[in-house]
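J.: Starting from these lines, generate the structure:
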Amino acid sequence: MTNKRRRQKIRGKKTGPRKSGLRNHQEISRRAAGIAEPLCLAEGMELVLTECAGGPGGPVIRVFVDKPDGVSIEDCARISRQLHDLFDVEMEGVMERFGLEVSSPGAHRPLAKAADFERFKGRKAAVRVRGDGGEKRKGPRNKTIKGIIIGAPGNRVEMDVDGVPVAIALDDIVKARLD
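T.: Alright, predicted model coming up:
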């Protein structure tokens, strides 16, 4: 626990998602994805990614949606209204307050699943990979690999990095996006 968080706890201030009943932002994101996925499918959209970040009024849940002919502002507004109602019901007693942002993935589309890497074969991507932690320092340091996506066979992603094939385990990917 950081000193700032410790001081906030002593003063009785809210200290983030731990007070909400969920352990961390990853758990909130996973739960939000489980709620959002069926809604997106029913609306003819793909749930690309959910993220959760801290905000001054509580967690902010970001939901990225897409569909073959693109996502309009009206699509995002419709999904946002429905998701807000679903989150109010499904997460009642878990999170008191939260922010919700629904948007298209944009030009630098996040890549979260093996199917995303297969879909965008031949495109440039930036992939942040967990470090190995073998050096003498606290915790592993992440590194970013930029290259062209070759494919995603099995549980790994294959990329061409300056003419050299590189294989990355899906579990080692921290974050990835089209570049």
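J.: Mean pLDDT per helix and strand in this structure: which one sits at the bottom?
T.: helix 3-11 (a mean of 46; mean pLDDT, DSSP states H and E).
J.: which element follows that helix toward the C-terminus?
T.: Per DSSP states H and E, the first helix or strand lying C-terminal to helix 3-11 is helix 25-42.
J.: tell me what that next one is packed against?
T.: Judged by 3 or more CB pairs under 8 Å, 6 or more residues apart in numbering; DSSP states H and E, the packing partners of helix 25-42 are strand 46-53, strand 60-66, helix 73-90. Using the backbone N, CA and C atoms, a C-beta is placed for each residue, glycine as well.
J.: Of those, flag the one that's most buried.
T.: Using mean count of other CB atoms under 10 Å, the stretch among the helices and strands packed on helix 25-42 with the largest mean neighbour count is strand 60-66, at a mean of 22.
J.: Show me the contact partners of it.
T.: 28-29, 32, 36, 40, 45-54, 71, 75-76, 79-80, 83, 87, 98-105, 109-110 (CB atoms under 8 Å, 6 or more residues apart in numbering).
J.: try stretch 118-130
T.: With contact meaning CB under 8 Å, 6+ apart, stretch 118-130 is reached by 109, 111, 117, 140, 142-152, 157, 159, 168, 172-179.
J.: distance between the ends of it?
T.: For stretch 118-130, the first-to-last residue distance is 21 Å (CA to CA, to the nearest Å).
J.: List the buried residues in it.
T.: Phe120, Ala125, Val127, Val129 (16 or more other CB atoms under 10 Å).
J.: picking that back up, reformat the helices and strands packed on helix 25-42 as CSV; add mean pLDDT.
T.: Below are the helices and strands packed on helix 25-42 laid out as CSV (pLDDT from 0 to 100):
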stretch, mean pLDDT
strand 46-53, 90
strand 60-66, 92
helix 73-90, 92
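J.: And those: which comes nearest Gly163?
T.: strand 46-53 (30.0 Å; CB to CB).
J.: how far is that closest one from where the chain is centred?
T.: 5 Å (CA atoms, centre = their mean, to the nearest Å).
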